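What shape does this take:
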Amino acid sequence: MKQPTKHKRYHMFTPDGTKVIKKFPLDHEPPQPWQRGTGPHKPETRKFIVDNLMKHVKGKAKSPEQRAKMSAAQKGVPKSEEHKKNISLAHKRRRQAKRERIQEAYRIAEEIGRDFYAQRLDQRSQHINNA
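Numbers count the residues shown, from 1 in each chain. Got it, this is the predicted structure:
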C-alpha cells in the first residue's frame, strides 16, 4: 500500500505564463497566488492522457468487486427532478428502439420464411408433376 506523503503540491502561474509546481509541508499554507493541486494540463498533455486512458481503460470489463464499489458509492445519493426525468426519457427511448428492432427482426423472418416455403412448394409441385 502507498505510504502517505508528508507534503501537498501547489501551483501558480508566473507573469510570463509558465506554470510552477512546488511541494509544501502538510502544516504549511502558502500565500496567494499559490493554489492547491497541480493545475490545468497543457492541451497536448491532456490529449496524451485521454488517449492512454481510452487505450487502457475503455472497453475493459469491471471486476465484481469494482462493480460492487461503484454501486455502493451511488446508493443513497439523491437525484434531482431533472435527472429523474432524463432517466425516464432515456428508458423510454431504449424501450422504443428495442421494440422497433424486434419488429424489424419479425418482418425479416417473415419474408425469409415466405420465400423459403414458396421455394419448397415449387420444388414439391415440380416433383409431383414429374412423377
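
just checking, Arg124 is part of a helix?
Yes - according to DSSP: H, G, I helix; E, B strand; the rest coil, the state of Arg124 is that of a helix.

Quick one: residues contacting it.
Contacts for Arg124 (CB atoms under 8 Å, 6 or more residues apart in numbering) come out as none. In this view, the C-beta of every residue, glycine as well, is placed from N, C-alpha and C.

And it, what's its pLDDT?
Taken from the predicted model, the pLDDT recorded for Arg124 is 74.

The one 3 residues further on too?
Among the per-residue scores, His127 holds a pLDDT of 70.

does it sit in a helix or strand, and which one?
Using DSSP states H and E, His127 sits within helix 81-130.

now Val20, nearest residue through space, not along the chain?
Taking CB to CB, 6 or more residues apart in numbering, and ignoring the residues beside it in sequence, Val20 has Met12 as its nearest neighbour in space, at 5.5 Å.

Name the SS class of the one you found, please.
At Met12, secondary structure determined by three-state DSSP is strand.

Compute the distance between it and Trp34, please.
5 Å (CB to CB, to the nearest Å).

got any residues that touch both of those two?
Residues touching both Met12 and Trp34 comprise Lys22, with contact defined as CB under 8 Å, 6+ apart.
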